[in-house]
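Q: any chance you could fold what I've pasted below:
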Amino acid sequence: MSSSRHDHQLPPGRVEEVADRVYAYIQPDGSWWVNNTGFIAGRRGVISVDSCATERRTLAYREAIRSVTDRPITTLINTHHHGDHTFGNFAFPEATIVGHERTREAILAEGIPDYLNLAWTPVDWGDLEACPPFLTYTDGVTVHSDELRCEVRHAGVPAHTTNDSMVWIPERSLLFAGDLVFNGGTPFVMMGSVTGSIAVLDRLRELNAETIVPGHGGVCGPEVIDQVQGYLRFVLDTAERGREAGLSPLETARETDLGEYGGLLDPERIVGNLHRAYAELDGLPQGAPIDVVTAMLEMIDFNGGRPLTCTA
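A: Next up, the predicted model:
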């Protein structure tokens, strides 16, 4: 089983204007470490939502911004701490980096991890430097691009991670969802919460967004929320059956027919998601630490013993 469906060089990232002066930067194909970012181009400056995983990809993203505007990049918002959204922070020395207080804590604690080339196929990460947010919030903060209001909201509970935020632009009915939403890829909640994610997605639905920029995959509409929730409920149901049968998360994954979700990128994430679901069924609080190393090794085992495919 291959962790991704591509067998060719991925195309470069592309800029999509998703609303007036609001742009998504979509990086195909949205698999491991290949994330989306975006930016709002104002008269005085640019607000970026997230950076990229590698030095090369982040510099390409900066060039993409420059293809639209010559205004300075004044603000960089991190939707959560994962490296595909934050490793490139260092390449924005002129920007105020904004994020949840737990995002800052997690980046300071993890730095640039040593495991990057152990679980995944080799990647040229570049000369990375961990740069956490230095303007933090607890519940949320509002930033403005000229007259345009951009509401940065903490998810409220563990979901994809313990520190997820979204950027909601009500005047454009547009949501930068970060990794609360995957489009075409397998949702991943090993470091957050299955039940928390399902609850947060209910709150996202209530926004009635017309356009969603997911953390991975193409720009989409609100229908993607149902798709992600459906997968997460499938994970919970699968975990309940496997646990009742006395199977481990890996054994349960091997016994499971992914059905309609089998075509999503990186299907081995079912193992990590089941580890989280088992922990919650055992009574562990949402977002509480679990044995991530074991879960990662078992995802590799599920992938036929091969490193997980990464084209970052």
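Q: hmm, residue 120 is touching residue 306, no?
A: No. Using CB atoms under 8 Å, residue 120 is not in contact with residue 306; the gap is 10.3 Å. C-beta here means a position set from N, CA and C on the backbone, and glycine is covered the same way.
Q: out of those two, which sits in the busier spot?
A: residue 120 (19 against 13; other CB atoms under 10 Å).
Q: wait, what's in contact with residue 17?
A: residue 23 (CB atoms under 8 Å, 6 or more residues apart in numbering).
Q: can I assume it sits in a strand?
A: Yes. Inclusion of residue 17 in a strand is indicated when DSSP: H, G, I helix; E, B strand; the rest coil is applied.
Q: any idea which element the residue most central in space within the chain lies in?
A: For the chain, residue 179 is the residue whose C-alpha lies nearest the centre (CA atoms, centre = their mean; 2.8 Å). Using DSSP states H and E, residue 179 sits in strand 174-182.
Q: list the buried ones in whatever helix or strand comes next after that strand?
A: Next in sequence after strand 174-182, counting helices and strands by DSSP H and E, comes helix 194-206. Across helix 194-206, burial judged by 16 or more other CB atoms under 10 Å covers 194, 195, 196, 197, 198, 199, 200, 201, 203, 204.
Q: quick revisit: which residue packs closest to the residue nearest to the centre of the chain, ignoring adjacent ones?
A: Among residues not flanking residue 179 along the chain, residue 215 sits closest, at 3.6 Å (CB to CB, 6 or more residues apart in numbering).
Q: could you report the neighbour count for the one you found?
A: A count of nearby residues for residue 215, using other CB under 10 Å, gives 29.
Q: quick one: it and residue 182 touch, right?
A: Yes. Between residue 215 and residue 182 a contact is recorded at 6.5 Å, counting by CB under 8 Å.
Q: next one, pLDDT for residue 4 please.
A: On pLDDT, residue 4 comes in at 51.
Q: show me where this protein has helices.
A: 55-66, 83-86, 101-110, 116-119, 194-206, 223-244, 249-255, 269-281, 292-302 (DSSP state H).
Q: got these as TSV, with distance to residue 19 columns?
A: TSV is the format used below for the helices of the chain (distance: least, CB to CB, whole Å):
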stretch	distance to residue 19
helix 55-66	16
helix 83-86	21
helix 101-110	25
helix 116-119	35
helix 194-206	17
helix 223-244	17
helix 249-255	39
helix 269-281	31
helix 292-302	37
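Q: which of those helices has the lowest average pLDDT?
A: Across the helices of the chain, helix 116-119 gives the lowest mean pLDDT, at a mean of 88.
Q: give the buried residues for it.
A: 116, 119.
Q: now do that helix: distance to the chain's middle.
A: Relative to its chain's centre, helix 116-119 lies at 18 Å (CA atoms, centre = their mean, to the nearest Å).
Q: and it, what does it pack against?
A: Packed against helix 116-119, as judged by 3 or more CB pairs under 8 Å, 6 or more residues apart in numbering; DSSP states H and E, are the following elements: helix 292-302.
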